[in-house]
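**Student:** Below is the sequence, then the predicted model.
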There are 2 protein chains.
Amino acid sequence: MAVSDVVSSVTGPTGKYDTGEQMCPHRMVLEHVTSRWGVLVLIELLERPYRFSELRRAIGRVSEKMLTQTLQTLERDGLIHRDAKPVIPPRVDYSLTDLGREAAQQVRGLALWTEERMAEVLKAREVYDARRSTS
Amino acid sequence: MAVSDVVSSVTGPTGKYDTGEQMCPHRMVLEHVTSRWGVLVLIELLERPYRFSELRRAIGRVSEKMLTQTLQTLERDGLIHRDAKPVIPPRVDYSLTDLGREAAQQVRGLALWTEERMAEVLKAREVYDARRSTS
DNA sequence: CAGCATCCTTTAAGATACTG
DNA sequence: CAGTATCTTAAAGGATGCTG
């Protein structure tokens, strides 16, 4: 019942800051943490704090634009903390807040699950594809 | 370490059947279950089996195209079971497999978390926005 | 280094019409 | 009813150049 609320709510994509969207906030946060880069950022930061470009390298194949956007969204949601040191050259450290750590743990749970069950998924795909090609 | 593998892998979106993608399969499954409609389908099916259009109504605002695509992807991954009865008019029931139930529970955990912590997220956003507008 | 602004391409998603 | 096929739109994502 409580969960199905999220299900029957209004759609809407994840734009920058998600302003002007018609979507229940609950589901909006869910989209933020399950977004492609959001997932990876949260999991990575669960390990330790990261600097911007350090995080970028760690994730790999993420454009700076998308990483910036993702970090801003998660920061606004209170999930990560941005610590910009007033030095030259600039140094910005990102870390999880307490709230963010909770979210990240949930996300990691999901990631660990996919890892554990990967073999079964691959098996299922083979079966599915075999059925398709022979019928 | 195990989880960070997923983090440093290759990117790639979720196309139909995800053929020809250069992405570690592990992360691919993760994207399937965390996809916008994938999340909602899994959570909804955790409740009970659904027929196609019944599921569409339950989720709301999902086009039949996207629902079809999502269901096919999840079926191929072995997470949901499709039971097409040979009757006229057609009747197709979708349900979770054992594997899918595990995934769905993880996803529901995340959804429940966002629900519980919604107030804190909204609070954080206010603070963030206030800082931005006054600085 | 850590971004922001702009332009451009690729994908996801929606609308519509049609079929077994 | 439960889709498929096709077309169009909207959004995500990437490349480049610039700034404190």
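**Tutor:** Alright, I've got the coordinates. Worth saying up front: this structure is predicted, and the values here are computed from it rather than measured. Numbers count the residues shown, from 1 in each chain, chains lettered A, B, ... in the order given.
**Student:** Once you drop chain neighbours, what's closest to A:Leu122?
**Tutor:** Closest residue in space to A:Leu122, ignoring its immediate chain neighbours: B:Pro25 at 6.3 Å, by Cβ to Cβ, 6 or more residues apart in numbering or on different chains. (Each C-beta comes from the backbone N, C-alpha and C, glycine too.)
**Student:** now swap in A:Arg125 and tell me
**Tutor:** B:Arg76 (5.5 Å).
**Student:** max-length helix in chain A?
**Tutor:** Ranked by residue count under DSSP state H, the longest helix found in chain A is helix A:98-134.
**Student:** Could you tell me how far the residue lying closest to A:Leu46 once chain neighbours are set aside is located from DNA strand C?
**Tutor:** Spatial nearest neighbour of A:Leu46, excluding adjacent residues (Cβ to Cβ, 6+ apart): A:Ala104 at 4.5 Å. To DNA strand C, A:Ala104 is 18 Å away according to Cβ to the nearest atom of the strand, to the nearest Å.
**Student:** Pretty sure A:Ala104 sits against A:Leu42.
**Tutor:** Yes: with contact defined as Cβ atoms under 8 Å, A:Ala104 counts as touching A:Leu42 (4.0 Å).
**Student:** anything in contact with each of these two?
**Tutor:** A:79, A:96 (Cβ atoms under 8 Å, 6 or more residues apart in numbering or on different chains).
**Student:** May I ask which helix or strand encompasses A:Tyr94?
**Tutor:** Using DSSP states H and E, A:Tyr94 sits in strand A:91-96.
**Student:** does chain B sit close to that strand?
**Tutor:** No: using Cβ under 8 Å from any Cβ of the partner chain, strand A:91-96 never reaches chain B; the gap is at least 12.9 Å.
**Student:** how near is A:Arg48 to A:Ser95?
**Tutor:** For A:Arg48, the distance to A:Ser95 equals 8 Å [Cβ to Cβ, to the nearest Å].
**Student:** still on that earlier bit, how many residues are close by the residue nearest to A:Leu46?
**Tutor:** Neighbourhood size, A:Ala104 [other Cβ atoms under 10 Å in any protein chain shown]: 26.
**Student:** Give me the pLDDT for it.
**Tutor:** If you check A:Ala104, the pLDDT there is 98.
**Student:** before we move on, the earlier item: show me what the strand holding A:Tyr94 is packed against.
**Tutor:** With contacts defined as 3 or more Cβ pairs under 8 Å, 6 or more residues apart in numbering or on different chains; DSSP states H and E, strand A:91-96 has these neighbours: helix A:36-47, strand A:50-51, helix A:52-59, strand A:80-85.
**Student:** Please identify the most buried of the ones you listed.
**Tutor:** Most buried of the helices and strands packed on strand A:91-96, by mean neighbour count (mean count of other Cβ atoms under 10 Å in any protein chain shown): helix A:36-47, with a mean of 23.
**Student:** Could you pull up the mean pLDDT of that helix?
**Tutor:** For helix A:36-47, the per-residue pLDDT averages 97.
**Student:** Can you give the distance of stretch A:103-123 from its chain's centre?
**Tutor:** 14 Å (Cα atoms, centre = their mean, to the nearest Å).
**Student:** Apart from its chain neighbours, what residue comes closest to A:Asp77?
**Tutor:** B:Val121 (5.0 Å).
**Student:** could you list every residue that touches that neighbour?
**Tutor:** By Cβ under 8 Å, 6+ apart, the contact set of B:Val121 is A:25, A:29, A:77-79, A:99, B:114.
**Student:** can stretch A:89-102 be found next to DNA strand C?
**Tutor:** Yes: using Cβ under 7 Å from any atom of the strand, stretch A:89-102 reaches DNA strand C at A:89-92, A:94.
**Student:** PyMOL command to pick out the buried ones of these?
**Tutor:** Per 16 or more other Cβ atoms under 10 Å in any protein chain shown, the buried members of those correspond to this PyMOL selection:
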select buried, chain A and resi 94
